[in-house]
Structure formats: C-alpha cells, structure tokens
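K.L.:
Turn this into a structure:
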Amino acid sequence: MATNARKIILMCALLGAFVVIYTQLPPGSVTLENLQARHQALLLYCQQAPRQSAALYFILYVLVTTLSLPGAALLTLLGGALFGLWPGILLVSFASTLGATLAMLVSRYLLRDWVQHRFAGQMRTVNDGVARDGAFYLFALRLMPLFPFFVVNLLAGVTRLGVWRYWWVSQLGMLPGAIVYLNAGHQLGQITSLHDILSPGVVFAFTLLGLLPLITRWLFARFSRTSL
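P.N.:
Residues are numbered from 1 along each chain as shown. Okay, here's the model as predicted:
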C-alpha cells in the first residue's frame, strides 16, 4: 500500500513538473527562430560566466530529457552554437544519457511490475531477448531517428535491461546524432528548419549503422548453425 502511494506521489510530481514547465514557457520560446534571435545575448552570457552557463545548460538538458519535454534537438543545436563542438559533445552526451537513464528508471519504478504481471508470457520472451541481444537492439533504436527517445526510455524501463548497460549503450548510440546537431549549431543563423540537418541520406546512414550490429550478429549465428 505504501509503495503504491509513493508511486502515485511520484507520478503526480512528474506530471506537475511537466505541466508547470510547459505552461510557464512564453509562447514561441522553444523555436528555432527564437534561439536565433537570442543567440548573441546568450553567447555573451556564456563568455562572461562560462562555468555557470555550462552548469545551467547541463541541468536544463537533463530536465528536458527526463521529463520528455519537446526541445532536446534545439537545445543540442544551441549547445554547439554557445560552447563549440568538443565542450558541447561533453555536455550533451552526459546530460542526454543521464536524463534518458532517469526517465528509464522512472518508467521502471512506475510501470514494470504492472506490465510484467499483466503480460507475463509476452514479457518472459522479451526479457529473454533483452538478456541475449538487448544491447544490440538498444544501440539500433538509439541511432534511428525514426524512434523517439522518450519511447525507447519508456519501453526499456519495463524490461530487465541493466542500468549500466543501458547507460553506456545509450551514450554510444546517441553520440553520432548529437555530433551532427552540435556541428550544425555553428551555423545556427543559417538553418531554416531542423529538417535541413537530418536529411534523408543522413537518416538512412544512421539506420544502416544501427542495424549493422544486428545483421552481423544474425549472420554469425546463421553461419555457425550451418557449419555445425
């Protein structure tokens, strides 16, 4: 009973934080045009208080990813524009992975027991697959822009995927996309749409890169059985 009460309190707190942050943002504040308009002012602040601005950016990024708020792509662009490529990689890589891991843990705490009990048969198969190939599937999903990150966090939370494995695979899988956006942030004033960054060719390349470990593992298993 106490556990259920804690889960309800946590769910209400997260929902309340989401609503407060989302409703208190001025209309049109989380847009490419607004970031471009405020770029110089934000850059000046970062130059005057580099450590404070980096800490605030890191905390904001973690909050956005943990609460699955829209705007992570824009924040990544802004990181490249304000901090440069290498400092931006350091900030975004760890902030996005920390936020994704926290989101996964929230999903695990709130949902996993119910899902595992309600769909016991199906989840037994899923857990076996995660134990065997979980890192490969997670890596593929992280690289493919077609799968929203918050959905991956939610689904991973109801499995038995280890936290450490989830952390390092997520950090590795999200890194290429982060580098693309951070690098594009150098030309923030010239970008007219986020679609200009992830062209169909880039999406296709990321998809192939994500599927490569799965294909290699499948071919290895197939030829191993054949040789036997």
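K.L.:
From here on, just use CA atoms for contacts and neighbour counts.
P.N.:
Noted.
K.L.:
In the chain, what helix or strand scores lowest on average pLDDT?
P.N.:
Lowest on mean pLDDT, DSSP states H and E among the helices and strands of the chain sits helix 200-227, with a mean of 58.
K.L.:
Can you show me the helices along the protein?
P.N.:
2-24, 32-48, 50-66, 72-83, 85-118, 120-143, 149-157, 163-184, 200-227 (DSSP state H).
K.L.:
Tell me which of the ones you listed sits most buried.
P.N.:
Comparing the helices of the chain by mean neighbour count (mean count of other C-alpha atoms under 10 Å), helix 72-83 ranks first with a mean of 24.
K.L.:
Show me what it is packed up against.
P.N.:
In this structure, helix 72-83 packs against helix 32-48, helix 50-66, helix 85-118, helix 163-184, with contacts taken as 3 or more C-alpha pairs under 8 Å, 6 or more residues apart in numbering; DSSP states H and E.
K.L.:
will you turn those helices into TSV that also has distance to Leu78?
P.N.:
Below are the helices and strands packed on helix 72-83 laid out as TSV (distance: least, C-alpha to C-alpha, whole Å):
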stretch	distance to Leu78
helix 32-48	7
helix 50-66	10
helix 85-118	9
helix 163-184	8
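K.L.:
Asn4 is nearest to which of the ones you listed?
P.N.:
Each of the helices and strands packed on helix 72-83 has some distance to Asn4 by C-alpha to C-alpha; the shortest is helix 85-118, at 9.0 Å.
K.L.:
what angle separates the closest one from helix 120-143?
P.N.:
For helix 85-118 against helix 120-143, the angle by axes from the mean of the first three to the mean of the last three C-alpha atoms, to 10 degrees is 170 degrees.
K.L.:
Just list what helix 85-118 packs against, helices and strands only.
P.N.:
Counting by 3+ C-alpha pairs under 8 Å, 6+ apart, helix 85-118 packs on helix 2-24, helix 50-66, helix 72-83, helix 149-157, helix 163-184.
K.L.:
right, so of the ones you listed, which gets closest to Arg108?
P.N.:
Of these, nearest to Arg108 by C-alpha to C-alpha is helix 149-157, at 4.1 Å.
K.L.:
just the CA coordinates of that closest one, formatted as CSV?
P.N.:
The C-alpha trace of helix 149-157 is given here as CSV (Å, rounded to 0.1, in the frame of the first residue of the first chain):
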residue,chain,number,x,y,z
PHE,A,149,13.9,8.8,-27.5
PHE,A,150,11.2,9.0,-24.9
VAL,A,151,9.5,5.9,-26.3
VAL,A,152,12.8,4.0,-26.1
ASN,A,153,13.2,5.1,-22.4
LEU,A,154,9.6,4.0,-21.6
LEU,A,155,10.0,0.6,-23.3
ALA,A,156,13.4,-0.1,-21.8
GLY,A,157,12.0,0.7,-18.3
